[in-house]
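In: turn this into a model:
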Amino acid sequence: MITRVHRRGSRVGGLLRYLWGPGRAEEHVNPRLVAAWDGAGELKTLEPPVTVNGKRDYRALTALLEEPVRAGHRPPNKPVWHASMRLAPEDRDRVYTDAMWARMVREMLTEAGVATAVDDPGLRWIAMRHGDDHVHIVATLVREDGRTNWLRNDYPLCVQATDNVARRYGLRRHVPPADRTAHRRPHPVEVGKARRTGRSQTPRDELRRKVRTAVAGAADEDEFFARLRDAGVLVRLRHSATNPDQVTGYAVALPGNRAADGSPIYFSGGRLAPDLTLPKLRQRWGTAPSANMSSPGPRFSRAERVEALHQAATATQAAAEDIRRGANTAPHQAQATAQATADLLTSLAYAVEGERRGPLHRAAEVFDRAARDLYGRVARATSRSQQMRAMARLVALMGRISGDDDTIAALALVLDLARLADTLEELRTAQQRLHQAEAARAAAAALRAAADVGRPVVTAPPIPTATAEPTVDGGRRVPRGR
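Out: Numbering: from 1, shown residues only. Take a look at the predicted model:
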């Protein structure tokens, strides 16, 4: 089941004529009311009557719906709210009576804040049905006490309420509610500029990838900023107004991305992703603002790289078991482990593919979506998450993978990460976070495809070239995931 919120209008009568009319393709059959606001009276008295000439008279119902608007204090210019609830194709074979539709509509509108109890002078609304698989809802946005209810954020509220109704009635949940785990999409202006300059990615997307790679391989903020500068990223620090020695934030820019006056265009961590602000990164590392400088360690030998990958694989297996065991008893610990595992996969993708954005980089980005907490929160570190983050830094320090032995060890680690992604999918499904469950499922499939024996993960190490997957397509903005 899905609810669509249509554009608001100014004429109740025109909308009613359309809904009770034949429709654009004569698809409106047997239109009738199925529900109305509390205190409206009998539905048969509200139904637009058929006159002697065979046409319906909408004046009485229109006047009832418009009465609060006419008596309200400074009503909005477009006070007519219109939505439709529709069943998924899989559920259209079942029989739904008008009474069942009335209950589902009332429950959805109550949760979304449109319908209120009889003792609350709320909005006036009606629900009408002229088909087996959907109903239309019409409301006016002025309450009976004269105040306007603007119904802000009405779409996400209706989607969440519809999802709850579908779950209670055993219906297909057509579109999961938004969970705020998707990162910010580039603005259309950024997409157009990237297209004109021949970039396959917008600067925002490229910076996000570089910042996440630096986060995964750093132990504190000083090493994080050093890694960013080593990667060719311009870094600007923001200092406290009361304590100039304290860093309170940062912004990053690409050297070739400049404004009209020639100055670099900086993006703060929060503009890249909600969990990339400096306070949340400090919480992620478990360090205080005054953390000491940590210098990167030396390059590893091939045997040491193999041993490091074996250690990471063992830690990944234990982390998958911890997530499975703590799904019901300690979800915050499972969340911390998942976030740290995303760092490990990011480090592994860079160790295998370098700057070339190949299948492991894409799998890491999808897994990162599945591992995030809601609303950009960062889970408190646990012993397991600290171990996984230590493995991420170890893999980042060991250098590029180039031989057969470390390639085989990397393949084993990729498969262990795929199995952990399967466990994460089970966790997100149990938590009813379906967008993230889908992302975890996609990450597991991508990891298995990358570890396919017929397609080795690494080849002979050529000079890395930028072959990033395009995020710019014809100058159009990529749709936001919900």
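In: pull out the buried positions in stretch 266-283.
Out: Taking 16 or more other CB atoms under 10 Å as the neighbour-count basis, stretch 266-283 is seen to contain the buried residues 266-267, 269-278, 280-283. Where you see a C-beta, it was placed from the backbone N, CA and C, and this is true even at glycine.
In: got the end-to-end distance for it?
Out: With CA to CA, to the nearest Å as the measure, stretch 266-283 spans 23 Å from end to end.
In: average model confidence for that stretch?
Out: Stretch 266-283 comes out with an average pLDDT of 89.
In: and if you look at stretch 31-41?
Out: Mean predicted confidence for stretch 31-41 is 92.
In: now that stretch: buried residues?
Out: Neighbour-count burial for stretch 31-41 flags 31, 33-37, 40 (criterion: 16+ other CB under 10 Å).
In: again, but for stretch 332-352
Out: 333-352.
In: now, those residues that are in strands?
Out: Applying DSSP state E to the buried residues of stretch 332-352, no entry is found in strands.
In: restricted to strands, list the buried residues of stretch 266-283.
Out: Residues from these lying in strands, with DSSP E as the criterion: Phe267.
In: just give me the closest of the buried residues of stretch 266-283 to Gly198.
Out: If you rank those by distance to Gly198 using CB to CB, Phe267 comes first, at 20.3 Å.
In: please name the bridge partners of that closest one.
Out: In this structure, Phe267 has beta-bridge partners Val252, where bridges are defined by DSSP bridges.
In: was I right to think it contacts Asp205?
Out: No: Phe267 is not in contact with Asp205 according to CB atoms under 8 Å; the separation is 10.5 Å.
In: show me where the stretch 301-450 of the chain has its helices.
Out: For the stretch 301-450 of the chain, the helices identified by DSSP state H, counting those that start in this stretch occupy 302-329, 331-353, 359-371, 383-397, 404-430, 434-450, in order along the chain.
In: closest one to Arg168 among those?
Out: Counting by CB to CB, Arg168 lies closest to helix 434-450 out of the helices of the stretch 301-450 of the chain; the figure is 16.1 Å.
In: quick one, strands of the stretch 101-250 of the chain?
Out: Along the stretch 101-250 of the chain, counting by DSSP state E, counting those that start in this stretch, strands occupy 124-129, 134-140, 234-239, 247-253.
In: state the mean pLDDT of the second one.
Out: Strand 134-140 comes out with an average pLDDT of 95.
In: tilt between it and strand 124-129?
Out: 160 degrees (axes from the mean of the first three to the mean of the last three CA atoms, to 10 degrees).
In: what does the last one give?
Out: Strand 247-253 and strand 124-129 are oriented at 40 degrees to each other (the same axes, to 10 degrees).
In: in strand 247-253, what counts as buried?
Out: Here strand 247-253 shows 247, 250-253 as buried, counting by 16+ other CB under 10 Å.
In: grab the nearest non-local neighbour of Ser268.
Out: If the residues on either side of it in the chain are set aside, Ser268 comes closest to Ala251, at 4.7 Å by CB to CB, 6 or more residues apart in numbering.
In: now do Ala437
Out: In space, Ala437 comes closest to Arg428 once its chain neighbours are excluded; the distance is 3.9 Å by CB to CB, 6+ apart.
In: got the contact list for that neighbour?
Out: With contact set as CB atoms under 8 Å, 6 or more residues apart in numbering, Arg428 has these partners: 370, 434, 436-437, 440.
In: tell me which residue lies farthest from the centre of this structure.
Out: In the chain, the greatest distance from the average C-alpha position (CA atoms, centre = their mean) is reached by Val52, at 54.3 Å.
In: what about that one, distance to Arg377?
Out: Remark: distance between Val52 and Arg377 (CB to CB, to the nearest Å) = 64 Å.
In: same thing with Gly39?
Out: The gap separating Gly39 from Arg377 is 42 Å, by CB to CB.
In: could you do Leu434 as well?
Out: Distance of Leu434 to Arg377, given as CB to CB: 19 Å.
In: kindly report the same for Ala127.
Out: According to CB to CB, Ala127 stands 37 Å off from Arg377.
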